[in-house]
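S.K.: Predicted model, plus sequence, below.
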Amino acid sequence: MTAVRPGRTPGGIRHALSDFAAASPSRFALLVFALLILLWTGLLSLPVSSAGHQATDFADALFTAVSVVCVTGLSTVDMATHWSGVGEVIIYVGVQIGGIGVLTLASTLGLIISRHLGLRARLIAAGDTNPLRAHRGPVAEGQAVRLGEVGGLLLTVAVSVVTIEAAAAVIMFPLLLAHGFAVSDAARDAVYYSAMAFTNTGFTPNSTGLLPFAHDYLFLTTIAVTVMLGAIGFPVIYALARVIRHPGDRRRIVSLHVKLTLVAFLVLFVLGGGVYWLLEHGNPATFGRLGGGDAVFQSFFLSAMARSGGFATFDIAQLHNSSLLVTDMLMFIGGGSASTAGGIKVTTLVVLFLAAVAEAKGIDSMEAFRRRIPGDVLRVAVSVVLWGATIVAIATVTVLSITGASLDHALFDVISAFATCGLSTGFTGGAPTPAVYVLAITMFLGRIGSITLAAALAQSQQRRLYLHPEERPIVG
């Protein structure tokens, strides 16, 4: 009797996909994201998606699709006038999917395939909360979200998206009405702004952007808070939600990851705002023409946006070169792990800082909040930074060789693409087609994450039965 090949049946296909996802969650997620970008490129290329009912150029459609799915916010076309209502819906759905995260999205598709949240799907979802779970074998202690909690995390993702975006839209709707928007336009823009803020995308539905709201501090505060809630990370939101429900278990619920993320977020936000005020309070093109209180508010608003938000109340190209460099640093750091933000993530920076402190003190282990951080976490942090810096360096050199543009503006937009921030000096909008493709690849690599990319291209795990002799090189 001839055996039936399981790959030719729906059940066989489902098992094959499930086995592939379990063998390499990062590789599976990489495939899912690539297919999403191709799908959105096709949808945005359709004549019905553009306001002029003409097919959008492939380079512009591809760049927009990558920017949408990777929740970056950079664009080569005027997002407020180029797309039709159908195109805006496609973009809106794309940023919602992209904001969920590459590995979390892969786990959701795994649920559809397996019809239940099994161990394999839990491993995929947990990988989005900690890159160490993207590999086979044991993982480090003290995970942000344990495997048994992944189902609750996915529920938190869905509830967070709906609740936070709905609350932001409700607040912004009457404010838009007060600015003279029609009821239908106010409702549409409120929903659009809330989605672009929470997903840290930064697209605006009108060509003037946030300029009409530059002095509406309630509107800008709503945008900033929504951006920061999206950038702080779903594991942190999950932990804070549990603290609200079970305040007596605060010490057990609030993990080291949550503490480090919150502290780093606050420190970077305050330092960024203070540095922007010091550097720009005398610049008439930015904050110099504003009063004391207005300049302080705008400085801290920019500090929040520079981490991944992508919104701006003035022309970013008018910043001093020193401020552009500070913004480069903040964008490269980005937001929290498993969030809608990009960058190397704040906990990566904290781990490197703790390693430097431990080395200065002459102690063997990294410690924070009376917890010891294992050495393999430092290895991951170093890998993330090196991969990120390499991607930015190669992309910047390539773009400069293509365009001959100034280093400060080219570097700024490349880092914005890698960190999926969306702030721009205007360089991207006028870049030639080859440079557009380079920036699109940079956005893709930045969104999927350095660890995900490395794990997808390398073997899941190699086991060695031998060790080479040890020898110490001179460092420093």
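M.R.: Yep, it's here.
S.K.: Tell me, what's the model's pLDDT at A358?
M.R.: At A358 the predicted local confidence, pLDDT, stands at 90.
S.K.: what about the closest residue to it other than its chain neighbours, distance to R472?
M.R.: Leaving out its chain neighbours, the residue that sits closest to A358 by C-beta to C-beta, 6 or more residues apart in numbering is M366, at 4.9 Å. All C-beta spots, glycine's among them, are computed from the backbone N, C-alpha and C. Counting by C-beta to C-beta, to the nearest Å, the gap between M366 and R472 amounts to 20 Å.
S.K.: cool, R371 as well?
M.R.: Summarising the geometry, the distance separating R371 from R472, computed by C-beta to C-beta, is 29 Å.
S.K.: Could you check which of the two has the larger neighbour count?
M.R.: Applying other C-beta atoms under 10 Å to R371 and R472 shows that R371 carries more neighbours, namely 14 against 5.
S.K.: Quick check: phi and psi on the more buried one?
M.R.: For R371, the backbone dihedrals (degrees, to the nearest 10) come out as phi -130, psi 140.
S.K.: partner residues bridging it?
M.R.: Listed by DSSP bridges, the beta-bridge partners for R371 are A368.
S.K.: Surely it is in contact with H257?
M.R.: No: in this structure, R371 is not within contact of H257 by C-beta atoms under 8 Å, at 10.0 Å.
S.K.: isn't P205 right next to A80, touching?
M.R.: Yes: applying C-beta under 8 Å as the test, P205 and A80 come out as touching, 5.9 Å apart.
S.K.: Who has more neighbours out of the two?
M.R.: For P205 against A80, the residue with the higher neighbour count under other C-beta under 10 Å is P205, and the figures read 19 against 16.
S.K.: mind checking how far the more buried one is from V254?
M.R.: Counting by C-beta to C-beta, the gap from P205 to V254 is 38 Å.
S.K.: What of V183?
M.R.: Counting by C-beta to C-beta, the separation of V183 from V254 is 43 Å.
S.K.: More neighbours: these two, which one.
M.R.: Counting neighbours by other C-beta under 10 Å for V183 and for V254 shows that V254 has the greater number, 17 against 10.
S.K.: residue contacts, that one?
M.R.: Residues touching V254, when contacts are defined by C-beta atoms under 8 Å, 6 or more residues apart in numbering, comprise A239, V243.
S.K.: at 6 Å instead, please
M.R.: Neighbour list for V254: A239 [criterion: C-beta atoms under 6 Å, 6 or more residues apart in numbering].
S.K.: now the one 5 residues further on
M.R.: Contacts for K259 (C-beta under 6 Å, 6+ apart) come out as F369.
S.K.: gap between it and P212?
M.R.: Distance of K259 to P212, computed by C-beta to C-beta: 39 Å.
S.K.: Equivalent analysis for A80, please.
M.R.: As judged by C-beta to C-beta, A80 and P212 stand 12 Å apart.
S.K.: Alpha carbons only: can I get stretch 287-306 in PDB?
M.R.: The C-alpha coordinates for stretch 287-306 follow below in PDB (Å, rounded to 0.1, in the frame of the first residue of the first chain):
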ATOM      1  CA  PHE A 287      12.700  76.800  20.400                       C
ATOM      2  CA  GLY A 288      14.500  80.100  20.500                       C
ATOM      3  CA  ARG A 289      11.400  82.100  19.500                       C
ATOM      4  CA  LEU A 290       9.300  80.400  22.200                       C
ATOM      5  CA  GLY A 291       8.800  81.500  25.800                       C
ATOM      6  CA  GLY A 292      10.400  79.600  28.700                       C
ATOM      7  CA  GLY A 293       7.600  77.300  29.400                       C
ATOM      8  CA  ASP A 294       6.800  76.600  25.800                       C
ATOM      9  CA  ALA A 295      10.500  75.800  25.100                       C
ATOM     10  CA  VAL A 296      10.600  73.300  28.000                       C
ATOM     11  CA  PHE A 297       7.500  71.600  26.800                       C
ATOM     12  CA  GLN A 298       8.600  71.300  23.200                       C
ATOM     13  CA  SER A 299      12.000  70.000  24.400                       C
ATOM     14  CA  PHE A 300      10.500  67.200  26.300                       C
ATOM     15  CA  PHE A 301       8.000  66.400  23.500                       C
ATOM     16  CA  LEU A 302      10.900  66.100  21.100                       C
ATOM     17  CA  SER A 303      12.600  63.800  23.700                       C
ATOM     18  CA  ALA A 304       9.600  61.500  23.700                       C
ATOM     19  CA  MET A 305       9.400  61.500  19.900                       C
ATOM     20  CA  ALA A 306      13.100  61.000  19.300                       C
END
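S.K.: mean confidence score for it?
M.R.: So the average pLDDT for stretch 287-306 ends up being 90.
S.K.: ok, and for that stretch, which residues are buried?
M.R.: 287, 290, 295-306 (16 or more other C-beta atoms under 10 Å).
S.K.: tally of neighbours for A59?
M.R.: The tally of other residues near A59 (other C-beta under 10 Å) stands at 16.
S.K.: go on, G342?
M.R.: A total of 31 residues lie near G342 under the criterion other C-beta under 10 Å.
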